[in-house]
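Enquirer: 3D, please:
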Amino acid sequence: MTAFATHEDLAKRMKRTFTPDEQEWVTELLEDAASFLRGCMGRAWVYPVATSTFTAWPSGGRVDLPQPFVVSVDAVTRDGVPVAFTRREDAVYTRYDDECQVTFTYGMPEPPKDLVGFNTALVSQTVTLVEAELGLSIGGLSSVALDDFKIAFADGGALTGLTLPEHTLRYLQNAYGSTGWVVGSAP
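Expert: Below is the predicted model of the structure:
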């Protein structure tokens, strides 16, 4: 899955240079964190641009498109035959209520800056912990001591793993959330 940020974005924000081996590792971490962010957003597809075809049953001729950030509606067909349609915002209208297939393109050509920031912030915490040989845990770490090695987690470790504060989760869901699901996609 495509990350919202690149290893170059992370290197710039962390003011460091990654070796070629580290670039591969960081890219994988960025992809993992982007997948987590997509889950927080309700699986809405924001970036990159993608094209999908799905089967719909119009109601009053209306078909709601199951993803936000629609770039274009490429085709509406019924039994392989093109059907005339009109696009209005995130819906298409036909003269029929019969089953049809809708092919549409959605997503942004560039990732939004806030998602790049969230993606790099999550991964920078992981990179820092791994380089300090503390593992992959993110969130909840409140202190580390070096003499007689000690590590403490806030809230008994309740925030370990990939976590985001509640207000950030609400922000992601409000800004990018979706309740629709695309059930098929074209490469």
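Enquirer: what are the buried residues along the lengthiest strand in the chain?
Expert: When the chain is parsed with DSSP state E, its longest strand is strand 70-78. By 16 or more other CB atoms under 10 Å, the buried positions in strand 70-78 come out as 70, 73, 76. Heads up, the C-betas are built off the backbone N, CA and C, glycines and all.
Enquirer: name the member of the residues you listed with the shortest distance to residue 129.
Expert: Nearest to residue 129 among those: residue 70, at 39.1 Å, using CB to CB.
Enquirer: check contacts around that closest one.
Expert: Residues near residue 70 by CB atoms under 8 Å, 6 or more residues apart in numbering: 87, 89, 90, 104, 105, 106.
Enquirer: mind redoing it with 7 Å?
Expert: Residues counted as contacts of residue 70 (CB atoms under 7 Å, 6 or more residues apart in numbering) are 90, 104, 106.
Enquirer: helix, strand, or coil at residue 26?
Expert: helix (DSSP: H, G, I helix; E, B strand; the rest coil).
Enquirer: quick check: chain neighbours aside, which residue is closest to it?
Expert: Distance criterion CB to CB, 6 or more residues apart in numbering; nearest residue to residue 26, sequence neighbours excluded, is residue 7 at 4.4 Å.
Enquirer: distance of that neighbour from residue 124?
Expert: Computed as CB to CB, to the nearest Å, the residue 7 to residue 124 distance reads 12 Å.
Enquirer: more neighbours, these two?
Expert: With neighbours defined as other CB atoms under 10 Å, residue 7 and residue 124 compare such that residue 7 has more, 22 against 18.
Enquirer: which ones are touching that one?
Expert: Contacts here follow CB under 7 Å, 6+ apart; on that basis residue 7 touches 18, 23, 26, 27.
Enquirer: and the pLDDT for the last one?
Expert: Residue 27 is assigned a pLDDT of 97 by the prediction.
Enquirer: which residues touch it?
Expert: 3, 7.
Enquirer: and it, how far is that from residue 67?
Expert: According to CB to CB, residue 27 and residue 67 sit 25 Å apart.
Enquirer: hang on, the earlier thing: roughly how far apart are the residue nearest to residue 26 and residue 13?
Expert: Going from residue 7 to residue 13 by CB to CB gives 11 Å.
Enquirer: then residue 61?
Expert: On the measure of CB to CB, residue 61 and residue 13 end up 48 Å apart.
Enquirer: next: residue 169.
Expert: 22 Å.
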